[in-house]
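1. give me a 3D structure for the following:
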Amino acid sequence: MLLTTWPETYLLRRQPTLQASVHASHERHLSALTARRLRGTPLDVFGLPKLRRVERALIGEYRELVRALRTPEAAELADIVRGYEDIKLRNVERFRTRAAELSAR
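-> Below is the predicted model of the structure:
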């Protein structure tokens, strides 16, 4: 049986592993991916899905609609767009249909 003192045992257990060194070497790249300056650019990997593109376009559509109509009904249209993934995409279509109806008045 090998007898060691407490600090030696602690230091032996605290040796950096390969996983920790790989993580440290990629830390700069991971932080760059999450930087706000990449949002909306082709390097934004989280903004690539169709839902994210639709959500970004919807913000401008809603603002223009509210500015043009200036009615409470137009302002309440934001409440229609709820849910996750497919449900939200269906609700976006409902939003656009209702917005077209209000614009036609």
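
2. buried sites along the one helix or strand I87 maps to?
-> I87 is part of helix 86-104 when elements are defined by DSSP states H and E. Neighbour counts over helix 86-104 (16 or more other C-beta atoms under 10 Å) mark 88, 92, 95-96, 98-99 as buried. Heads up, the C-betas are built off the backbone N, CA and C, glycines and all.

3. now stretch 68-75
-> Judged by neighbour count using 16+ other C-beta under 10 Å, the buried positions of stretch 68-75 are 69, 74.

4. you'd agree A68 is up against A99?
-> No: checked against C-beta atoms under 8 Å, the pair A68 and A99 is beyond contact range at 9.8 Å.

5. give the residues shared as contacts by those two.
-> The contact sets of A68 and A99 overlap at A74 (C-beta atoms under 8 Å, 6 or more residues apart in numbering).

6. let me see the mean pLDDT of the helix holding I87.
-> With pLDDT averaged residue by residue, helix 86-104 scores 94.

7. what is that helix packed up against?
-> Judged by 3 or more C-beta pairs under 8 Å, 6 or more residues apart in numbering; DSSP states H and E, helix 86-104 is in contact with helix 50-69, helix 72-76.
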